[in-house]
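In: sequence plus the predicted model coming up.
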Amino acid sequence: MNNKPLFSIVIANYNHGSFIEQAIQSVLCQSYKNYELIVVDGNSSDSSVEIIKKYDDNISWWVSEPDSGQSEAFNKGFKMAKGKYFFWLNADDVLINGALQSAANYLKTRPKVEWISANTVFFDVTGKITKCTNGPSWSDFLFKNAPLLIYGPTSIFSREIFIETGGFDESLHFGMDTDLWLRFKCKGYRFEKIKKYFWGFRIHQDSKTSHSFSEVPSEEYRSERQVVMLKNSLSYSDVKLIFQKIHKLTSGLYLKSFFATKKYSGKNIKNVQF
């Protein structure tokens, strides 16, 4: 019996030819090899398709055709997936060294877990790390009437709950991950936290969501966030937001993030083993 879980990893891309090769390589360089890589390109007009073809032998399935955006691309990719667990990656980001092995080790000892979440590393266009962030474990109290403190591709979730909740809402352009997490929550699922770094988020001027991590996210982003909240009957409480900050302070999460940032800041993300 093969007790190594199969991960299906979908990379969605549109005109990120300057970055997608690094995203693909970050998957291929993983020490854990029981995965399938799927790439969905939205009919890019740059060098993306040529780069994807370069890795054709390492990609289980890929397509380049017009789509309505990331949400449709991810749904399209996961429809072709065969794995027990799903994971996605943006074409301008990277999968952190050792992430799949850490996930596999955790899931082999907890085969009934449906959803896990890890931490995030931010880096710039040159690959240099700028910040590390650590999020909390699940808390019904902290996450009631407050954001789920979980960044997009730090999550690995089972095929079953993805299908059960209907996949990504293709009408959403920015908040499709938040919407998916809230629908998981509505079905009674709770993530289990892995205290590892999985996702490398690249900050650059053409990133669709880099601004969302600033103090002043775009109006379009804020507007869609309201749509997601209304859709999922969620209203944020200022008190709960304060409690979340207090929890991150008292639990040492701010300190962990600070010391990790100090340790890794300026190092190239490709060369770091967290």
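Out: Everything's here; your move.
In: list the contacts for the residue lying closest to Y14 once chain neighbours are set aside?
Out: By the measure of C-beta to C-beta, 6 or more residues apart in numbering, the closest residue to Y14 outside its immediate chain neighbours is G42, 3.9 Å from it. Glycine gets a C-beta too; all of them are placed from N, C-alpha and C. By C-beta atoms under 8 Å, 6 or more residues apart in numbering, the contact list for G42 reads 12-14, 64-67, 69, 73.
In: distance of G42 from S235?
Out: As judged by C-beta to C-beta, to the nearest Å, G42 and S235 stand 34 Å apart.
In: would JSON lines of the contacts of G42 with pLDDT, distance to I96 and secondary structure be doable?
Out: Shown next, in JSON lines, are those (pLDDT from 0 to 100; distance: C-beta to C-beta, whole Å; DSSP: H, G, I helix; E, B strand; the rest coil):
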{"residue": "A12", "pLDDT": "97", "distance to I96": "18", "secondary structure": "strand"}
{"residue": "N13", "pLDDT": "97", "distance to I96": "19", "secondary structure": "strand"}
{"residue": "Y14", "pLDDT": "96", "distance to I96": "23", "secondary structure": "coil"}
{"residue": "S64", "pLDDT": "98", "distance to I96": "27", "secondary structure": "strand"}
{"residue": "E65", "pLDDT": "97", "distance to I96": "30", "secondary structure": "coil"}
{"residue": "P66", "pLDDT": "96", "distance to I96": "31", "secondary structure": "coil"}
{"residue": "D67", "pLDDT": "95", "distance to I96": "27", "secondary structure": "coil"}
{"residue": "G69", "pLDDT": "92", "distance to I96": "25", "secondary structure": "coil"}
{"residue": "A73", "pLDDT": "97", "distance to I96": "22", "secondary structure": "helix"}
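In: what average pLDDT does stretch 220-233 get?
Out: Predicted confidence along stretch 220-233 averages 86 (mean pLDDT).
In: and stretch 173-186, what's buried?
Out: By neighbour count on 16 or more other C-beta atoms under 10 Å, the buried set for stretch 173-186 is 174-185.
In: looking at the residues you listed, which is nearest D93?
Out: D177 (12.6 Å; C-beta to C-beta).
In: for V49, see how far away that closest one is.
Out: 26 Å.
In: so who does the nearest residue to S158 once chain neighbours are set aside touch?
Out: Nearest residue to S158 in three dimensions, chain neighbours excluded: E114, at 4.5 Å (C-beta to C-beta, 6+ apart). Each residue near E114 by C-beta under 8 Å, 6+ apart is listed here: 157-158, 160-161, 189.
In: what's the closest of those residues to K144?
Out: Closest approach to K144 among the contacts of E114 (C-beta to C-beta): Y189, at 15.2 Å.
In: farthest-separated two in the contacts of E114?
Out: E160 and Y189 (9.9 Å).
In: of the contacts of G42, just the buried ones, ChimeraX syntax please.
Out: Buried residues within the contacts of G42, as defined by 16+ other C-beta under 10 Å, are selected in ChimeraX through the command that follows:
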select :12,13,14,64,67,69,73
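In: tabulate the contacts of G42 in JSON lines, adding columns for distance to D57.
Out: Shown next, in JSON lines, are the contacts of G42 (distance: C-beta to C-beta, whole Å):
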{"residue": "A12", "distance to D57": "21"}
{"residue": "N13", "distance to D57": "18"}
{"residue": "Y14", "distance to D57": "23"}
{"residue": "S64", "distance to D57": "17"}
{"residue": "E65", "distance to D57": "21"}
{"residue": "P66", "distance to D57": "26"}
{"residue": "D67", "distance to D57": "25"}
{"residue": "G69", "distance to D57": "28"}
{"residue": "A73", "distance to D57": "22"}
